[in-house]
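*Asks:* sequence plus predicted model, see below.
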Amino acid sequence: MPYIYIVPIATPGSNWLVPFEQTMAQCFGLPVKRMHCDINLEMTYDPSPASKILLQLIRSTPSDAVKILIGAAVDLFIPILT
């Protein structure tokens with residue numbers, strides 16, 4: 001069965017996760033799972049941090065993932081898109 005995975009990164013509180021997961025399940029019509037990924041934010045402080053985070057995430061993507069949504073309390077910018 002395909003799932004949508006929610007990956008919280010550097011999020012101080014988790015009270016928003018359950019309502020967010022419920023909303024994503026309703027919007028996409030797929031079940032949602034929470035995925036904890038060891039994202040090293042220290043190695044992402046360079047001109048393209050978002051792409052380094054994505055590379056770390058790709059390495060641990062479950063085979064049943066249809067979508068992966070990252071929730072972060074930090075700015076994950078890509079300079080050319082700002």
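*Replies:* Arrived safely, thanks for sending. Quick caveat, the model's predicted, so the values are computed rather than measured. Residues are numbered from 1 along each chain as shown.
*Asks:* count of residues packed around residue 75?
*Replies:* 8 (other CB atoms under 10 Å). Just so you know, the C-beta spots here come from the backbone N, C-alpha and C atoms, and that holds for glycine as well.
*Asks:* gap between it and residue 26?
*Replies:* Per CB to CB, to the nearest Å, residue 75 is found 28 Å from residue 26.
*Asks:* please state the offset of the longest helix belonging to the chain from the chain centre?
*Replies:* Secondary structure of the chain per DSSP state H: the longest helix is helix 17-28. The chain centroid and the centroid of helix 17-28 are separated by 14 Å under CA atoms, centre = their mean, to the nearest Å.
*Asks:* what's the mean pLDDT across that helix?
*Replies:* Averaged over helix 17-28, pLDDT sits at 92.
*Asks:* buried stuff in that helix?
*Replies:* Neighbour-count burial for helix 17-28, counted by 16 or more other CB atoms under 10 Å, picks out 20-21, 24.
*Asks:* check stretch 7-19 too.
*Replies:* Those would be 7-9, for stretch 7-19 by 16+ other CB under 10 Å.
*Asks:* what is the end-to-end distance of that stretch?
*Replies:* 14 Å (CA to CA, to the nearest Å).
*Asks:* tell me if residue 5 really is in a helix.
*Replies:* No. Looking at residue 5 with DSSP: H, G, I helix; E, B strand; the rest coil, it is strand, so not inside a helix.
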